[in-house]
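Novice: here is my input; please provide its structure:
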Amino acid sequence: MPERSEINLIEAAAGGDIESFGELCRRYYAAMVAVAYTVLADHQLAEDAAQESFARALVRIKSLNDRAKFAPWLAAICRNVAKDMVATRARRIKADDITHTDQNNNDCENIHAIRRAIEQLPAPTKELIVLRYYNNLSYEQIGSVLGISRATINGRILRAKRKMANYLRKNGFPENRL
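Specialist: Down below sits the predicted model:
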């Protein structure tokens, strides 16, 4: 069976076709988890946020006027769900409750240093890094999900890499590892 176009799937889903909406979920699930992860920094919570985002999108899909903007619209819903989850979690968690992982292993330290460097980036840039390097999305896929051009993606990623390298240098990351 030939793959249905995204616009056809969106139109059918807006008309109440659950299978079409299910196909949209399958296509965008990994990207929405990545978008939520950039806000939540927890994979399980990011999966929960992605699922909640799809539930909200299903309810609101009829209100989407520009069907070609489905992916950026869905990503905005996902960001908002993740931000709501952060706010809810912040009200529940005290600083004393946070546990720290053992960082004796050099690889573990390097991973934590890189994560800290990513965390210091602005949210839109962090999203790009996670989508590109953690979810291995192409620039075209990222552009589709976020509704931005390839040139914008390239420029933001280059600036992000520079910022991360500077952050890592300032925080003692070995120069030969950059």
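
Novice: chain center to the helix or strand bottoming out on mean pLDDT in the chain, what's the gap?
Specialist: None of the helices or strands of the chain scores lower by mean pLDDT, DSSP states H and E than helix 106-119, at a mean of 80. Going by CA atoms, centre = their mean, to the nearest Å, the spacing between the C-alpha centre of helix 106-119 and its chain's C-alpha centre is 18 Å.

Novice: packing partners of that helix?
Specialist: helix 123-129, helix 150-170 (3 or more CB pairs under 8 Å, 6 or more residues apart in numbering; DSSP states H and E). Yep, even glycine has a C-beta here, placed from its N, CA and C like the rest.

Novice: now those as a markdown table including distance to C25, mean neighbour count and mean pLDDT?
Specialist: Converted to a markdown table, those look like this (distance: least, CB to CB, whole Å; neighbours: other CB atoms under 10 Å; pLDDT from 0 to 100):
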| stretch | distance to C25 | mean neighbour count | mean pLDDT |
| --- | --- | --- | --- |
| helix 123-129 | 20 | 19 | 88 |
| helix 150-170 | 24 | 15 | 92 |
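
Novice: redo those as CSV? Include distance to A57.
Specialist: Formatted as CSV, these follow (distance: least, CB to CB, whole Å):
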stretch, distance to A57
helix 123-129, 18
helix 150-170, 23
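
Novice: of all the ones you listed, which lies closest to A50?
Specialist: helix 123-129 (13.5 Å; CB to CB).

Novice: so the very next helix or strand once past that closest one versus helix 150-170, what angle?
Specialist: Toward the C-terminus, helix 123-129 is succeeded by helix 139-146 as the next helix or strand (DSSP states H and E). Interaxial angle of helix 139-146 relative to helix 150-170 (axes from the mean of the first three to the mean of the last three CA atoms, to 10 degrees): 100 degrees.

Novice: so which of the helices and strands packed on helix 106-119 gets nearest E23?
Specialist: helix 123-129 (23.8 Å).

Novice: centre of the chain to the closest one, how far?
Specialist: Centroid displacement of helix 123-129 relative to its chain, using CA atoms, centre = their mean, is 8 Å.
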